[in-house]
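[1] Build the 3D model from these lines:
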Amino acid sequence: MFKILNRSWSFLRRPAIRNLVIPTSIAFFYSQRQICYSQLWNESLKPLPEGDTFEMGLYLASQRELGQELAQKRSNHLRSSGNTITLQLRKLWYVVKDHLVEPVYTMLRFIEIFAIFTPVLLCYPITFFGRYHKLDRDEVHISETSGSLVWYRLLRRALELAGPSFIKLGQWAGSRTDMFSPGFCHELSNLHSNSKPHSLKYSKQRICESLENKFEFDEIFDEFKEKPLGVGAIAQVYVGKLSDKFIKTIKSQDTEFDGDDSGGWVAVKVIHPNCGEKINRDLKIMQFVANVIDELPTMEWLSLPAEVEQFSILMKLQLDLRIESLNLTRFNKNFKNSLQTKFPRGFPQVSSRDVLFEEYIHGFPMQSFLQVKDKLKSTELCKKVSDLFIDAFLQMLIMDDFIHADLHPGNLMIRFLKTDKYGTQVTSTEREHFSIVHRLRQLAHENNSEELVKELKNTLQEYTPQICFIDAGLITELNRRNRINFIALFNSLARFDGYQAGELMIERSRTPETAVDKELFAFKVEKLVNKVKKRAFTLGTVSIGDLLDQMLTMVRSHHVRMEGDFVSVVVAILLLEGIGRQLDPDLDLFASSLPILREFGRQKETSNLLYDASTMSMLKVWIGLEIRQVMSLSARNIKDLVKADLLSPNY
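    Below you'll find the predicted structure:
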């Protein structure tokens, strides 16, 4: 027996066997390691076909996955029970948690909210007192009493104190000028998050957990700035430099990962702890309050329960950071041929529900540019920036139907680059881009406006600006019905048919039956459009934003309920024109849309137009604007000829 065992052992010690076993073991080890790393990647979120838009498909997929994960977690917990008693106790705990503990927490939260907002609501009568003040907001005049301004300020403070859900609610309400007064919306536009940053330890833990603890934190980053770049109501953002080892490991599994293209610098967004639970409780409370208000007489036109439902979708979209990563991927695809528009690249390979990795963009803030643009004393240099911004927005609106929904100056930055004479290739380096922006930001930080203006002027003359859009967590995407409605309204305005525009707004509103004085509303819209029509051929005096803003004021007084996505597009146009006219006072959004409409017509000319109502409507807008442009040019040419006395014979 011992001889047999000894013989077998001797056989295994032969060189030929050793040479075979060792490589096989190594190959097996690495194959298992590859399997282990392949489990690192988070499942990419895919939109469900039940959604009527790309974003709604992602939302439904995210919520379904969240429900499945919770059910799976509980199932695993119950399955691990050692005996029947433990199993029954755990089942009992889940019942108690769902039907007793969670309602108690929600009730305590309701009491807290009640204590915050009751004093504010009791102060509402002060809005009727005080003299009227005139305020300017993006060239729109607002008249409010002193009491109203004080009450709006109190409400804003209360919203900030109530937490992330109510900060976001205030920001959403500030965009709904179809429901609330301009002064109210103006004050809520100043809302900012007062959230305290969560601990660095928690952020590091969540980042490692999002990568399934396959890496130590120090293996992921070579450098990591411990102070957050920004703290929002839902998440906070850090900046770090990925390690070469981490990048190589990821690229070995996914060759599309391009984290080293920007030198490895990334922005990392981490959702605050327990944020989802708090927001879900707040949404339940909002739904309850909305249902109560909806029962009051004359309040049903607001459709508050439906609005809260829409708001809850917006909140839950922001609680899954994979959706923002996919939004960035789609924006980059839409603008892949544009050198002068840039979105950060998202890295879905390493992002998760709670942690987002994206390219860090080092740019000069648009807010800083707007503060010094008057000192440049050059409309042409400002137009170099505004034209890019307008063109990018119009492409989102007309060509892509995929619009960045938060276009305030804080989410816009400018970089500067050199291109070849055809404008098709970038000839400058990333290091050069960084050094230019770093110099400008340093001068802005030092409040050295004279030197900043000089440097900025030289840079704009020598380099081509590039508009950068950040924070793509929320987008607006019109479904087929809303897109047709919007294009029809835009077409009516372009043809200056105000009465038809008024009728369309009522017929295609959410609740046409609640509208008050429908015919009077249509006549008011017609009167407004006719007033604009009288100055239609004067360059820069037709403001589509001003027109839409005044129409929303009439919408509110006549109880015409517009779709939320529809209003979001209108608000985006208001923001667009507000920024654009600061840079270019002669901005004409109708004229600016013509090149995009021509491209739209060129791309759609081979499609079956008879079966695509939105395409047909958009082509009508294009033809109408082309005629208007020709007439406008003719009118201006005749005016110039008259001024130069060239129409009369010279004897």
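[2] Now do the same contact list for the most centrally placed residue in the chain.
    Taking C-alpha atoms, centre = their mean, the centroid of the chain lies closest to Leu474, which sits 3.2 Å from it. Each residue near Leu474 by C-beta atoms under 8 Å, 6 or more residues apart in numbering is listed here: 314, 317-318, 405-406. Backbone N, C-alpha and C define where each C-beta goes, glycine included.
[3] Out of those, which two sit at the greatest distance?
    Leu317 and Asp406 (12.2 Å; C-beta to C-beta).
[4] Find residues that contact each of the two.
    473-474.
[5] residue ranges for the helices of the stretch 151-300 of the chain, please.
    Taking DSSP state H, counting those that start in this stretch, the helices of the stretch 151-300 of the chain run over residues 164-174, 182-188, 200-210, 217-220, 244-253, 275-294.
[6] now do the stretch 451-600 of the chain
    Counting by DSSP H, counting those that start in this stretch, one finds helices in the stretch 451-600 of the chain at the ranges 480-494, 498-507, 518-533, 544-557, 564-583, 589-592, 594-604.
[7] could you measure Thr249 against Val350, distance?
    For Thr249, the distance to Val350 equals 10 Å [C-beta to C-beta, to the nearest Å].
[8] quick one, which of these two is more surrounded?
    The neighbour count for Thr249 versus Val350, taken as other C-beta atoms under 10 Å, is higher for Val350 (26 against 17).
[9] would you say the more buried one is within a strand?
    No. Counting by DSSP: H, G, I helix; E, B strand; the rest coil, Val350 is located in no strand; its state is coil.
[10] That one against Ser210, yeah?
    Yes. Counting by C-beta atoms under 8 Å, Ser210 is a contact partner of Val350 at 7.5 Å.
[11] Can you show me the strands along the chain?
    132-137, 140-145, 221-224, 230-231, 235-242, 265-271, 341-342, 355-359, 364-365, 403-404, 412-417, 464-469, 475-476 (DSSP state E).
[12] any chance of those strands in a markdown table, with distance to Leu304, mean neighbour count and mean pLDDT too?
    Formatted as a markdown table, the strands of the chain follow (distance: least, C-beta to C-beta, whole Å; neighbours: other C-beta atoms under 10 Å; pLDDT from 0 to 100):
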| stretch | distance to Leu304 | mean neighbour count | mean pLDDT |
| --- | --- | --- | --- |
| strand 132-137 | 25 | 12 | 64 |
| strand 140-145 | 23 | 16 | 66 |
| strand 221-224 | 44 | 16 | 92 |
| strand 230-231 | 30 | 15 | 86 |
| strand 235-242 | 28 | 21 | 92 |
| strand 265-271 | 28 | 23 | 93 |
| strand 341-342 | 38 | 22 | 92 |
| strand 355-359 | 32 | 25 | 93 |
| strand 364-365 | 36 | 22 | 91 |
| strand 403-404 | 25 | 22 | 88 |
| strand 412-417 | 33 | 22 | 91 |
| strand 464-469 | 32 | 21 | 92 |
| strand 475-476 | 21 | 22 | 84 |
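[13] Specify the stretch among these that is closest to Leu108.
    With C-beta to C-beta as the yardstick, what comes closest out of these is strand 265-271 (22.7 Å).
[14] what sits up against the closest one?
    Under C-beta under 8 Å, 6+ apart, the answer for strand 265-271 is 198, 202-203, 206-207, 229, 234-242, 259, 319, 321, 324, 344, 347, 353-362.
[15] Would you list the strands that that strand pairs with, along with their directions?
    strand 235-242 (antiparallel), strand 355-359 (antiparallel) (DSSP bridges).
[16] can I have it written out in CSV, keeping just the CAs?
    Provided in CSV are the C-alpha atoms of strand 265-271 (Å, rounded to 0.1, in the frame of the first residue of the first chain):
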residue,chain,number,x,y,z
TRP,A,265,-9.6,63.4,-13.2
VAL,A,266,-13.2,62.6,-12.4
ALA,A,267,-16.1,64.1,-10.5
VAL,A,268,-17.7,61.7,-8.0
LYS,A,269,-21.2,62.3,-6.8
VAL,A,270,-22.4,60.5,-3.7
ILE,A,271,-26.0,60.5,-2.4
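[17] quick check: angle from it to helix 200-210?
    100 degrees (axes from the mean of the first three to the mean of the last three C-alpha atoms, to 10 degrees).
[18] tell me how far strand 265-271 is from the chain's mean position?
    16 Å (C-alpha atoms, centre = their mean, to the nearest Å).
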